[in-house]
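Trainee: Here is the input, now give the coordinates:
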Amino acid sequence: MALTLDDIASLFSRHGARMYSGEPVTQVQHALQTAALAEQHGANDELVTACLLHDLGHMLNDQGETPTLRGLDDTHQYFALPFLRGLFSDRVLDIIKLHVDAKRYLCAIDADYWAALSADSKRSLELQGGVYNEKQCIEFIAQPAAPDAVKLRQWDDQAKQPHLSTPDLLHFLNRAARCRIVA
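Mentor: Coordinates of the predicted model:
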């Protein structure tokens, strides 16, 4: 069953105050900061919406606090897709789906990237398959949504500031409304 924008707002209201696994921000702070960074860089509505919703799967498939410490990969990048299909374009969904693979790609092409990851991101990287090899990098970046997924990933890594001010959820849901599929 596809979610509505009101359903998404309710999810953030019910689960957004939960801490973002192993990080000093809540789920909603992380989502808003990621979307705000995309907006500051001039991203279009689809990319800003993907940034806002990239971790929605954590809220839809609650595995408790810091599941990586228990060796769990919640596959959040896939979990939200059926709930968002029909509401947003394949482009938005593909960016969300690829943001985990973008981390694997960035670790392969930039040794400094891995070193800068938080402890939880390093644990999840291993659970998600580890650093890509050269062939996997080529295959990943050839996908149409991969360059935007890489941007999302880079903003995702920066979106962990406990006291950063951002526009509110309604601001970004209004942007999301502009790129939803109209039936």
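
Trainee: what residue ranges in the chain score low on pLDDT?
Mentor: 61-78, 183 (pLDDT under 70).

Trainee: what's the residue most central in space within it sitting at in phi/psi?
Mentor: Nearest to the mean C-alpha position of the chain, by CA atoms, centre = their mean, lies residue 54 at 2.6 Å. Backbone geometry at residue 54, expressed as degrees, to the nearest 10, gives phi -60, psi -30.

Trainee: go on, residue 19?
Mentor: phi -60, psi 140.

Trainee: That one - how many residues pack around it?
Mentor: 14 (other CB atoms under 10 Å). No exception for glycine: its C-beta is placed from N, CA and C like everyone else's.

Trainee: Would you mind listing the residues in contact with the residue lying closest to it once chain neighbours are set aside?
Mentor: Closest residue in space to residue 19, ignoring its immediate chain neighbours: residue 26 at 5.9 Å, by CB to CB, 6 or more residues apart in numbering. Neighbouring residues of residue 26 by CB atoms under 8 Å, 6 or more residues apart in numbering: 16, 17, 18, 19, 20.

Trainee: Pull out the buried members of the residues you listed.
Mentor: 16, 20 (16 or more other CB atoms under 10 Å).

Trainee: of the contacts of residue 26, closest to residue 118?
Mentor: Using CB to CB, residue 20 is the member of these that lies nearest residue 118, at 10.1 Å.

Trainee: how much space is there between the nearest residue to the closest one once chain neighbours are set aside and residue 126?
Mentor: With CB to CB, 6+ apart as the criterion, residue 20 has its nearest non-adjacent residue at 4.4 Å, and that residue is residue 30. Plainly put, residue 30 is 21 Å away from residue 126 if you go by CB to CB, to the nearest Å.
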